[in-house]
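K.L.:
structure, please.
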Amino acid sequence: MGSVDVHEPPPAGLRGARRRPAAALRPFIVNYTGFETEFTAPRRRLELPTGFVTLVFTFTEGLWVTRTEGLATTRLRPASRAMISGPRTVPAIGVHSGAVRGLEVNMSPLGAYRLFGIPMAHFEDAHVDLLDVLGPSGRHLADRLQSLPSWPERFALLDEVFCGRLERGPAAAPEVRGALALLWADSGSLARATAETGWSARNLRARFREQVGLSPKGMARVFRLQHALRLLSAGMAGAQVAAVCGFHDQAHLSREVKAMTGLSPSGFVRLRGGLPPGSALDRLPGRITSVVLAG
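P.N.:
Just a heads-up that it's a prediction; the model follows:
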């Protein structure tokens, strides 16, 4: 189901494959990515807020994850065989032992709402085990995926599983979908987004928490952060980024970037190294999702 898409080669030490889902799933799921790392030493990745949902299946041990509002963490917990990370406003840190293997599914929050069929507030700023979402049908999915001999066959199994869930879950409200699109186009347009739904701000917040997982204000912060990181990585000066993205001033930009990534704007630029959005380091096209941390 579906064809294999051609992507840029992965970074040295990383092997795998990436493919879009079956056509029927493309309004809900962005991509599938199979990964195999062969680094000789442990690596730390800073995973940035994107507004999307990530489902990770691990086929080997040696992967640890944590949520943090800074980069100093006191405890990392082993990743379960299948784990979901919902929309969030703080970074996560993933650490792997150097050699790890698994599969990742990236989907929109409205796609996750449709496919999992539960309120998205369940995923807010938390890692959730797949068994809590799919029940017994998800119990052996990681094992089934691991037992298959190739990435195309694993991707085909995911197509089968998710296509089978398309008619089970609720559809997102058109008003929520429209407000999300407006916030992505202009993350400072909270009042306009609310007005165009015809709902009260309270009703919109409740529907966003149900169908998106974050409040409209939370998603606006994430979208504005993504816009700012794109401009910073392209070399735009901080004062100009602050003005273009609607921050009060450069100090406000610095506080938000620090709060949501754990890095200063200059620290982000240095570690990012000029990579464009959607690079081989990133999980999503057009987004800045990840930074490799030193040490």
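K.L.:
run through the helices of the stretch 151-295 of the chain in chain order.
P.N.:
With helices called from DSSP state H, counting those that start in this stretch, the stretch 151-295 of the chain shows them at 151-163, 174-185, 190-197, 201-211, 216-233, 238-245, 250-261, 265-272.
K.L.:
over to the stretch 1-150 of the chain?
P.N.:
109-116, 131-134, 141-147.
K.L.:
please tabulate the helices of the stretch 151-295 of the chain in TSV, including the columns distance to Val53.
P.N.:
C-beta here means a position set from N, CA and C on the backbone, and glycine is covered the same way. Output for the helices of the stretch 151-295 of the chain, formatted as TSV (distance: least, CB to CB, whole Å):
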stretch	distance to Val53
helix 151-163	13
helix 174-185	13
helix 190-197	21
helix 201-211	12
helix 216-233	12
helix 238-245	24
helix 250-261	17
helix 265-272	23
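K.L.:
and those helices, which is most packed in?
P.N.:
Comparing the helices of the stretch 151-295 of the chain by mean neighbour count (mean count of other CB atoms under 10 Å), helix 216-233 comes out on top with a mean of 22.
K.L.:
average pLDDT across that helix?
P.N.:
Average pLDDT, helix 216-233: 96.
K.L.:
surely Arg285 is in contact with Val30?
P.N.:
One thing to correct before we go on: residue 285 is Pro, not Arg. Yes. Assessed by CB atoms under 8 Å, Pro285 is found in contact with Val30 at 7.3 Å.
K.L.:
between those two, who's got more neighbours?
P.N.:
Val30 (22 against 12; other CB atoms under 10 Å).
K.L.:
so how far is Asp159 from the closest residue to Gly169 other than its chain neighbours?
P.N.:
In space, and not counting its chain neighbours, Gly169 is closest to Gly117: 3.8 Å by CB to CB, 6 or more residues apart in numbering. For Gly117, the distance to Asp159 equals 18 Å [CB to CB, to the nearest Å].
K.L.:
same check, this time on Arg207
P.N.:
29 Å.
K.L.:
what's the answer for Val222, then?
P.N.:
Taken as CB to CB, the span from Val222 to Asp159 is 28 Å.
K.L.:
one more: Leu281?
P.N.:
In terms of CB to CB, Leu281 sits 26 Å off from Asp159.
K.L.:
ok, the residue nearest the centre of the chain - contacts?
P.N.:
Central residue of the chain (CA atoms, centre = their mean): Phe52, 4.0 Å from the mean position. Phe52 sits next to 30, 87, 106-109, 284, 287 when contact means CB atoms under 8 Å, 6 or more residues apart in numbering.
K.L.:
look up the closest residue to Lys258, ignoring the ones flanking it.
P.N.:
That would be Ser264: by CB to CB, 6+ apart, it lies 5.9 Å from Lys258.
K.L.:
could you list the low-pLDDT ranges of the stretch 101-250 of the chain?
P.N.:
124-129, 131 (pLDDT under 70).
K.L.:
okay if I get the helices of the stretch 1-150 of the chain as a markdown table plus mean neighbour count and distance to Gln211?
P.N.:
Below are the helices of the stretch 1-150 of the chain laid out as a markdown table (neighbours: other CB atoms under 10 Å; distance: least, CB to CB, whole Å):
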| stretch | mean neighbour count | distance to Gln211 |
| --- | --- | --- |
| helix 109-116 | 24 | 5 |
| helix 131-134 | 16 | 15 |
| helix 141-147 | 16 | 24 |
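K.L.:
neighbours of the nearest residue to Arg287 once chain neighbours are set aside, how many?
P.N.:
Distances taken as CB to CB, 6+ apart put Thr50 closest to Arg287, at 5.2 Å, once the chain neighbours are dropped. Using other CB under 10 Å, Thr50 is surrounded by 22 other residues.
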